[in-house]
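Chemist: Got a predicted model here, sequence first, then my questions.
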Number of protein chains: 2
Amino acid sequence: MPQSIQISESEWEVMQVAWDRGRITAAEVIEALGPRTTWNHRTIRTLLNRLINKGALNYVEDGNRYLYSPAVTRNACVREEGESFLHRVFGGDPASLLVHFAKRSKLTEAEIAELQRILDEKRKGGV
Amino acid sequence: MPQSIQISESEWEVMQVAWDRGRITAAEVIEALGPRTTWNHRTIRTLLNRLINKGALNYVEDGNRYLYSPAVTRNACVREEGESFLHRVFGGDPASLLVHFAKRSKLTEAEIAELQRILDEKRKGGV
DNA sequence: GTCAAATGATTTCAATTGTAATCATTCAAG
DNA sequence: CTTGAATGATTACAATTGAAATCATTTGAC
């Protein structure tokens, strides 16, 4: 497993597209990010390239272009980035983090219910 | 208000000490970070300097040294960093973030209770 | 009073990041 | 076939970051 790849803020945008779609061309990423950013297509191609060099994306050739796909799972990256954030900002205390976001977030009835359920589970299950 | 100061990972370590203690000397920061890092004291002095240049710390002279103090609140910084993280990693969906951390965190009975209470509040209060 | 130690200021230097531009190649439309 | 557009590779370049080293000044211990 590719341990601990460092994905930058801009690169995350690209990876999210890759995770959402699974297999993509540069053109697709450029189109997908069109509404979200003002990046030149060259910028996005650079990011794709860097992500390959980092081992975050794989590719197969397809004529003159590449078909890119994630080489690392979203889950693994979310976990890592989450841990880093938790320690940097909340001193590693997950309860503080949860309280922070629980207090300031708009949540639907259903989302609240799901969270309650998870907490109940946790209470029962121990850990 | 000093809008949107960018605090780097290493700088966060220093700021946390500043927020914990309120008013500190370089020596105190160096001592406080001694156990947490392997940084040379020069490195920590550099960080203090950068944080002043960024407007994240204030200082008053005290003989040949400075007394440093936070120029920005921890809360403001946590909020900003939190927003950034939320959008980068969870596409701006706070429920996903909360589920992620709720599931994978070890929480005490009391912490679970507090979170339940906050969620109940939220359910009643709307928003 | 002298001098080593501490302090802040300035400088260093490589890696990463944001944001492209240039270059060489290939492919698709005419 | 020719040629303009698209593509990936390489290069560019400033800002930020991590991690100090050097330098000038102050000062506290003798």
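Modeler: The structure has been received and is ready for your questions. Numbering: from 1, shown residues only, chains lettered A, B, ... in the order given.

Chemist: Now do the strands in chain A.
Modeler: A:57-62, A:65-70 (DSSP state E).

Chemist: Stretch A:93-108 and chain B, any residue contact?
Modeler: Yes - legend: contact between stretch A:93-108 and chain B by C-beta under 8 Å from any C-beta of the partner chain is shown at A:94-95, A:97-108. For the C-beta atoms, the positions are set from N, CA and C on the backbone; glycine is no exception.

Chemist: And the residues you listed, which of them are buried?
Modeler: Judged by neighbour count, with 16 or more other C-beta atoms under 10 Å in any protein chain shown as the criterion, the buried members of the residues of stretch A:93-108 next to chain B are A:94, A:95, A:97, A:98, A:99, A:100, A:101, A:102, A:105, A:107.

Chemist: any idea how far residue A:23 is from the last one?
Modeler: Taking C-beta to C-beta, to the nearest Å as the measure, residue A:107 falls 33 Å from residue A:23.

Chemist: and what of the second one?
Modeler: Computed with C-beta to C-beta, the distance linking residue A:95 and residue A:23 is 39 Å.

Chemist: got it, and residue A:17?
Modeler: Summarising the geometry, the distance separating residue A:17 from residue A:23, computed by C-beta to C-beta, is 11 Å.

Chemist: And residue A:2, what's its pLDDT?
Modeler: Confidence at residue A:2, expressed as pLDDT, is 48.

Chemist: Correction: the previous question concerned residue A:42.
Modeler: At residue A:42 the predicted local confidence, pLDDT, stands at 95.

Chemist: For chain B, see how far away it is.
Modeler: Separation of residue A:42 from chain B (C-beta to the nearest C-beta, to the nearest Å): 22 Å.

Chemist: coming back round to it: can you list which of the residues of stretch A:93-108 next to chain B are found in helices?
Modeler: For the residues of stretch A:93-108 next to chain B, membership in helices holds for A:94, A:95, A:97, A:98, A:99, A:100, A:101, A:102, A:103, A:104, with DSSP state H as the criterion.

Chemist: Show me which pair in those residues is furthest apart.
Modeler: Taking C-beta to C-beta as the measure, these reach their widest spread between A:94 and A:104, a distance of 16.2 Å.
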